[in-house]
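**Student:** this one's sequence-less:
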């Protein structure tokens with residue numbers, strides 16, 4: 001057999017034509033034991049490498065899932081800010097309807113025209129309500145800096161009206177539990 005073309009299996013071949021003596025058998029067993037030790041060491045090395053790759057994969061997967069969750073949260077917050085911005089842009093329209101309906105000439109308008117405007121106002125209120133927007137009822141309540149913006153003060157005659165909203169200049173709105181726009185108010189003070 002050509003020496004360069006020998007395989008590992010060739011090392012252990014025993015031919016029937018030659019009887020093997022005991023020293024040759026011990027040498028073969030020693031070679032086999034060494035080969036097994038090398039293969040066991042290689043197996044341990046491969047298992048350690050496999051575990052390292054598995055840990056890297058698990059860490060990468062966790063990083064991906066965390067990044068995805070952060071991105072989804074960011075997108076949700078961005079969408080919420082855009083919605084809030086659009087709702088804020090509708091509030092001056094609500095103010096205009098409110099001022100028009102409080103004007104003394106409102107009652108003297110043509111009834112069909114007035115009902116049409118009231119219908120449009122109702123649609124606007126339905127849009128605001130669908131997005132969780134409600135009015136902040138400020139008239140006659142104690143001044144709350146979280147919900148009210150004091151524009152001016154007005155002297156009052158009774159003690160119960162001190163630090164109370166005596167007049168609302170602009171309606172405030174909240175969305176769900178957060179103040180979207182504080183009510184602009186006049187607060188009662190002692191004379």
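**Tutor:** The structure has been received and is ready for your questions. No experiment lies behind these values; they were computed from the predicted model shown. Residues are numbered from 1 along each chain as shown.
**Student:** what's the first helix or strand after the lowest-mean-pLDDT helix or strand in the chain?
**Tutor:** Here the helix or strand of the chain ranked lowest by mean pLDDT, DSSP states H and E is helix 8-11, holding a mean of 51. Sequence-wise, the next helix or strand downstream of helix 8-11 (DSSP states H and E) is helix 22-102.
**Student:** how close does the residue nearest the centre of the chain get to residue 63?
**Tutor:** Centroid-nearest residue in the chain: residue 73, 1.9 Å away (criterion: CA atoms, centre = their mean). Using CB to CB, to the nearest Å, we find residue 73 at a distance of 16 Å from residue 63. Using the backbone N, CA and C atoms, a C-beta is placed for each residue, glycine as well.
**Student:** where does this structure dip in pLDDT?
**Tutor:** Along the chain, segments meeting pLDDT under 70 span 1-20.
**Student:** kindly recompute the last result at 50.
**Tutor:** 1 (pLDDT under 50).
**Student:** now residue 162: phi and psi?
**Tutor:** phi -70, psi 140 (degrees, to the nearest 10).
**Student:** nope, residue 138 is what I meant
**Tutor:** The phi and psi values for residue 138, taken as degrees, to the nearest 10, are phi -110, psi -30.
**Student:** buried residues, stretch 82-97. List them.
**Tutor:** Neighbour counts over stretch 82-97 (16 or more other CB atoms under 10 Å) mark 87, 91, 94, 97 as buried.
**Student:** make that stretch 168-186, sorry
**Tutor:** Neighbour-count burial for stretch 168-186, counted by 16+ other CB under 10 Å, picks out 168, 170-175, 179-186.
**Student:** how about stretch 100-115?
**Tutor:** So for stretch 100-115, nothing qualifies as buried (16+ other CB under 10 Å).
**Student:** okay, how far is it across that stretch, tip to tip?
**Tutor:** Taking CA to CA, to the nearest Å, stretch 100-115 runs 13 Å from one end to the other.
**Student:** what's that stretch in contact with?
**Tutor:** With contact meaning CB atoms under 8 Å, 6 or more residues apart in numbering, stretch 100-115 is reached by 117, 118, 121.
**Student:** next secondary structure after the strand or helix carrying residue 154?
**Tutor:** Taking DSSP H and E as the definition, residue 154 sits inside strand 148-156. Under the assignment DSSP H and E, the closest C-terminal helix or strand after strand 148-156 is strand 165-170.
**Student:** what about the closest residue to residue 97 other than its chain neighbours, neighbour count?
**Tutor:** With CB to CB, 6 or more residues apart in numbering as the criterion, residue 97 has its nearest non-adjacent residue at 4.4 Å, and that residue is residue 121. By other CB atoms under 10 Å, 17 other residues sit near residue 121.
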